[in-house]
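Asks: here's my sequence, what's the structure:
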Amino acid sequence: MAKKTEFIIFNPEGGLGKIIASTAVVRSIKAHYPDKKIIVVTPWPEVFLNNPHVWRVFRSGNQPYFYKDYIQDRETLVFKGEPYFNTGHLYNRQHVVKSWCELHNVKFDGNYNPELYFTPAEIAKVQAAFQRPKPICLLQTNGGMYNHNPQHHKHYAWARDLPHNQAQILANELSKLYTVLHITKQGNPDLANTERIQDMDKRSLMLLPAIATKACLIDSCLQHAAAALGKKSTVAWIATHPEVFGYDLHTNVKPCMPFNKNQNTAYIDSILFDYDFNGPEHEFPFAQSDIFNLQEIFDSIVKEEVEVPAPTPEEEK
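Replies: Numbering: from 1, shown residues only. From the prediction side, this is the model:
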């Protein structure tokens, strides 16, 4: 006689940002199955450390005795699949978290925000490492999983990365007010007037928004981490959509340049999605590289929330 169902195995796959987003799915899974123990198998187990909804977390490919311990003679539920192929996702009708819940027939709890959990020691470590004379502004210009092979490294994936020339102008202006931490990928060019950050351990990387005063990000891991930490940020979007991958907490900025929709050249290699995350150069859909209104981005970053005092009785008159 089979044992009573006890476990749920959740197997989110993809880049670090996508896995951070999946923590919102885990929260809905736990609410839907409160009596089950959730086991997560993922390329980025660092995301789920200390998560109260997760019983165990394993790195993909490092699961000794997994079948014997969690599958054999049980009725374990396995949640594995790609939310990107959900129809609502394909037509940009809903957030990826909702599509993910629908994929596994789990009631979505209505909250897209991800969750990350850190110990006081982790927070203190990052705070101590980034003591600077000026307030810190994060500037993430590159991200994603494209081209892991250093011999074929790609400096600019236009679908999500900030154009280098515009990023440099932003860095020049922001450095007058902040210590600018430039978050980029190995092999990508430096920005003057910034402090380059790359190849950090993933726990410390995800904590960076907590120690920053301001953040200018792209659709990559840190905009998800910032949402999890409740850190309002400015996020620049190009070929992906904040309605699908973003958060209302952030100020989401889109290109000021129109997309080229020439039917003879647009979407040459597109199958289910309009543009590939890796941004093939021959599909670049703009007439020039200055695709953002930099004043809009700069003003969004540096603006301060000013509390307006209540009017005095004399002013009301």
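Asks: just the strands in the stretch 1-150 of the chain please.
Replies: Counting by DSSP state E, counting those that start in this stretch, one finds strands in the stretch 1-150 of the chain at the ranges 7-11, 37-42, 56-59, 77-80, 136-140.
Asks: quick one: buried residues of the first one?
Replies: Within strand 7-11, the residues scored as buried using 16 or more other Cβ atoms under 10 Å are Phe7, Ile8, Ile9, Phe10. Where C-beta positions appear, they are placed from N, C-alpha and C, glycine not excepted.
Asks: again with the third one
Replies: Of the residues in strand 56-59, those buried by neighbour count under the rule 16+ other Cβ under 10 Å are Arg56, Val57, Phe58.
Asks: now those as CSV including pLDDT and distance to Gly246?
Replies: Formatted as CSV, the buried residues of strand 56-59 follow (pLDDT from 0 to 100; distance: Cβ to Cβ, whole Å):
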residue, pLDDT, distance to Gly246
Arg56, 97, 30
Val57, 98, 26
Phe58, 98, 29
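Asks: between these, which is closest to Trp158?
Replies: When the buried residues of strand 56-59 are compared for distance to Trp158, the smallest value, 34.2 Å, is given by Val57; criterion: Cβ to Cβ.
Asks: partners of the closest one in the sheet?
Replies: Judged by DSSP bridges, the bridge partners of Val57 are Val40.
Asks: ok, which of the strands of the stretch 1-150 of the chain comes nearest Pro242?
Replies: Nearest to Pro242, of all these, is strand 136-140, at 15.3 Å by Cβ to Cβ.
Asks: other SSEs contacting the closest one?
Replies: For strand 136-140, the packing partners by 3 or more Cβ pairs under 8 Å, 6 or more residues apart in numbering; DSSP states H and E come out as helix 164-174, strand 179-183, helix 202-211, strand 214-218, helix 221-228.
Asks: now tabulate those in TSV and tack on mean pLDDT.
Replies: Conversion of these to TSV gives the following (pLDDT from 0 to 100):
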stretch	mean pLDDT
helix 164-174	97
strand 179-183	98
helix 202-211	97
strand 214-218	98
helix 221-228	98
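Asks: could you identify which of these is most buried?
Replies: Most buried of the helices and strands packed on strand 136-140, by mean neighbour count (mean count of other Cβ atoms under 10 Å): helix 221-228, with a mean of 27.
Asks: partner strands of the next helix or strand after that helix, parallel or antiparallel?
Replies: Taking DSSP states H and E as the definition, the helix or strand that follows helix 221-228 towards the C-terminus is strand 234-236. Take DSSP bridges as the rule and strand 234-236 pairs in its sheet with strand 214-218 (parallel), strand 251-253 (parallel).
Asks: for strand 234-236, which outside residues touch it?
Replies: Strand 234-236 has contacts (Cβ atoms under 8 Å, 6 or more residues apart in numbering) with 162, 214-219, 223, 242, 246, 250-253, 292, 297, 300-301.
Asks: how's the chain carved up into domains?
Replies: 7-82, 120-302 (automatic domain parsing).
Asks: out of those domains, nearest to Tyr91?
Replies: When those are compared by Cβ to Cβ, domain 120-302 sits nearest Tyr91, at 9.8 Å.
Asks: pull the distance from that closest one to the chain's centre.
Replies: Here domain 120-302 is found 10 Å from its chain centre; the criterion is Cα atoms, centre = their mean, to the nearest Å.
Asks: straight-line length of it, end to end?
Replies: Distance between the boundary residues of domain 120-302 (Cα to Cα, to the nearest Å) amounts to 29 Å.
Asks: equivalent analysis for stretch 238-249, please.
Replies: Chord length of stretch 238-249, first to last residue, is 18 Å (Cα to Cα).
Asks: so for Gly88, which of the domains of the chain sits nearest?
Replies: Proximity to Gly88 (Cβ to Cβ) singles out domain 120-302 among these, at 9.1 Å.
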